[in-house]
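Trainee: Predicted structure and sequence below. I'll ask about it afterward.
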Amino acid sequence: MPKLRLAGVIRESIVDGPGIRMTVFTQGCPHKCKGCHNEQTWDFSGGYDSSTERILEEAKKDPILRGLTFSGGEPFCQAQRCQYWHKKRKREVLTSSATPVTPLNIYYRILTQIPSTKHF
């Protein structure tokens, strides 16, 4: 069961995609964008580990969730782990979104082509 390195989770968000969503903030980002509002997520050694299964189980407990959004940090730095989630959730009702700067179709295309992750 793959583990994700997380900065935190917002169980019910109305600002991170369509409908009420669970937002998963991944830990670690190499970009260090000027004006970033999540600088605390840059350090790859920060945060905590959580399993993708645990995230899915928690999301399934909430009947009003419309989906799940990966934010960060940079979810692409944990691409294989996010890919596992994406494949697993295809069998579920929830929908996924990527970061605001990366449309989901590009996110999925990249995830299916990455053999390993650079930082983990």
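Mentor: Cool, the structure landed.
Trainee: So what's the residue count around the nearest residue to residue 47 once chain neighbours are set aside?
Mentor: Residue nearest to residue 47 in three dimensions, not counting chain neighbours: residue 27, with 3.1 Å by Cβ to Cβ, 6 or more residues apart in numbering. (Glycine included, C-beta is placed from N, CA and C.) Using other Cβ atoms under 10 Å, residue 27 has 27 neighbouring residues.
Trainee: Go ahead and confirm residue 27 touches residue 5.
Mentor: Yes - the pair residue 27 and residue 5 passes the contact test of Cβ atoms under 8 Å, sitting 4.4 Å apart.
Trainee: got any residues that touch both of these two?
Mentor: Both residue 27 and residue 5 are in contact with 44, 47-48, where contact means Cβ atoms under 8 Å, 6 or more residues apart in numbering.
Trainee: and those residues, which are buried?
Mentor: 44, 47 (16 or more other Cβ atoms under 10 Å).
Trainee: Can you lay out the shared contacts of residue 27 and residue 5 as a markdown table showing distance to residue 55 and pLDDT?
Mentor: Converted to a markdown table, these look like this (distance: Cβ to Cβ, whole Å; pLDDT from 0 to 100):
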| residue | distance to residue 55 | pLDDT |
| --- | --- | --- |
| 44 | 19 | 95 |
| 47 | 14 | 96 |
| 48 | 12 | 96 |
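Trainee: from the shared contacts of residue 27 and residue 5, which is closest to residue 14?
Mentor: residue 47 (23.9 Å; Cβ to Cβ).
Trainee: Quick check: the gap between the closest one and residue 19.
Mentor: When distance is defined by Cβ to Cβ, to the nearest Å, residue 47 is 26 Å away from residue 19.
Trainee: Please flag which of the shared contacts of residue 27 and residue 5 sit within strands.
Mentor: If you go by DSSP state E, these have residue 48 in strands.
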